[in-house]
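*Asks:* can't give you the sequence, but here's the structure:
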Ligand SMILES: [Mg+2]
């Protein structure tokens, strides 16, 4: 594989595989703030956005391309630490940084990451495969990332510890889990929870032409902070950027309590309707997709 140094990257996919391509912006003031997020954290989260999309298709990452627009006055140390954070995660997942571009930004840092992945032909797990009767599962815990954002918004001067809010500052893309679900044929549809459970479940339902019924009390709520506390239900249902996997399971397939060390929780089932309901006992309400609004609220 030829990487940086030529006019184009030359990449080879394994035989009988298809390419997966995803692209994501990371923008200062929208996805991070320099006074809240360390450069390493920004680099890590930038690549996580792309890797998590590859995980959601059941794919394996191959290479990443990074284009940056940087303010003229940005200290070189910030950039070095950003790249360290990104490369550290790339190395752990065997991803090559195979190219990119840099330019001067008139205002704030902009990073655009493109990740190329591969998946055996015809085996990518799509959003459109959910069928009535399929069970709905989510990996890990939800709401941890949004809770960190809420705490910082409440007290903008406060620095949160990355250790107490790991899912926000250094989220792990669920690549191994996604690959195993694909290999074992366990998921009929899948998405990563980048926008929040209510919005991401709505994406699966729309693409699959189905509805869903979840039990709010089953949704695994993250335990974060110091002292550690369970996050609010609202943030577990609607908060984004947890980068967990949300997937549907066909009848007859059994899901273990954990795969690759990640807990898996059934939160509901796919229905024939077109709408998504959240049930509490016999009482339900329609779960409106209240997606992620980043730091704009
Ligand atoms: Mg995604």
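*Replies:* Happy to help now that I have it. Just so it is clear, the model here is predicted, and its values are computed rather than measured.
*Asks:* mean confidence score for stretch 42-51?
*Replies:* In this model, stretch 42-51 carries a mean pLDDT of 98.
*Asks:* what about it and the ion, touching?
*Replies:* No: legend: contact between stretch 42-51 and the ion by Cβ under 5 Å from the ion is lacking; minimum distance shown is 7.9 Å. Heads up, the C-betas are built off the backbone N, CA and C, glycines and all.
*Asks:* Show residues contacting that stretch.
*Replies:* 22-24, 26, 31-32, 37, 61, 64, 66, 81-90, 93, 95, 109, 111, 113-115, 169-173, 175, 194, 241, 243 (Cβ atoms under 8 Å, 6 or more residues apart in numbering).
*Asks:* can you tell me which of the residues you listed are in strands?
*Replies:* Among those, the members found in strands (DSSP state E) are 22, 23, 24, 26, 61, 64, 66, 111, 113, 114, 115.
*Asks:* where's the fourth one relative to residue 275, distance?
*Replies:* To residue 275, residue 26 is 33 Å away according to Cβ to Cβ, to the nearest Å.
*Asks:* Looking at the two, which has the bigger crowd around it?
*Replies:* More neighbours surround residue 26 than the other of residue 26 and residue 275, with 23 against 14 (other Cβ atoms under 10 Å).
*Asks:* The more buried one is in contact with residue 110, isn't it?
*Replies:* Yes: here residue 26 lies in contact with residue 110, judged by Cβ atoms under 8 Å, at a distance of 7.5 Å.
*Asks:* How about the residues of the stretch 51-200 of the chain by the ion?
*Replies:* Counting by Cβ under 5 Å from the ion, the residues of the stretch 51-200 of the chain near the ion are 53, 192, 194.
*Asks:* Which of the residues you listed ranks first by neighbour count?
*Replies:* residue 192 (26 neighbours).
*Asks:* where does the stretch 151-297 of the chain dip in pLDDT?
*Replies:* 291-297 (pLDDT under 70).
*Asks:* one more time with 90
*Replies:* 158-159, 280-284, 288-297 (pLDDT under 90).
*Asks:* which stretches of it form strands?
*Replies:* Applying DSSP state E, counting those that start in this stretch to the stretch 151-297 of the chain gives strands spanning 189-192, 211-215, 223-224, 229-230, 245-249, 258-259, 262-271, 276-280, 283-286.
*Asks:* Dump the ones you listed to JSON lines, plus distance to residue 15.
*Replies:* Shown next, in JSON lines, are those (distance: least, Cβ to Cβ, whole Å):
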{"stretch": "strand 189-192", "distance to residue 15": "24"}
{"stretch": "strand 211-215", "distance to residue 15": "38"}
{"stretch": "strand 223-224", "distance to residue 15": "44"}
{"stretch": "strand 229-230", "distance to residue 15": "47"}
{"stretch": "strand 245-249", "distance to residue 15": "27"}
{"stretch": "strand 258-259", "distance to residue 15": "27"}
{"stretch": "strand 262-271", "distance to residue 15": "30"}
{"stretch": "strand 276-280", "distance to residue 15": "40"}
{"stretch": "strand 283-286", "distance to residue 15": "47"}
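*Asks:* who wins for proximity to residue 180 among those?
*Replies:* strand 258-259 (5.3 Å; Cβ to Cβ).
*Asks:* residues in contact with the closest one?
*Replies:* So strand 258-259 is in contact with 176, 177, 180, 181, 264, going by Cβ under 8 Å, 6+ apart.
*Asks:* In a markdown table: those, plus neighbour count and distance to residue 104.
*Replies:* As requested, these are exported to a markdown table (neighbours: other Cβ atoms under 10 Å; distance: Cβ to Cβ, whole Å):
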| residue | neighbour count | distance to residue 104 |
| --- | --- | --- |
| 176 | 16 | 39 |
| 177 | 25 | 39 |
| 180 | 16 | 43 |
| 181 | 27 | 43 |
| 264 | 22 | 45 |
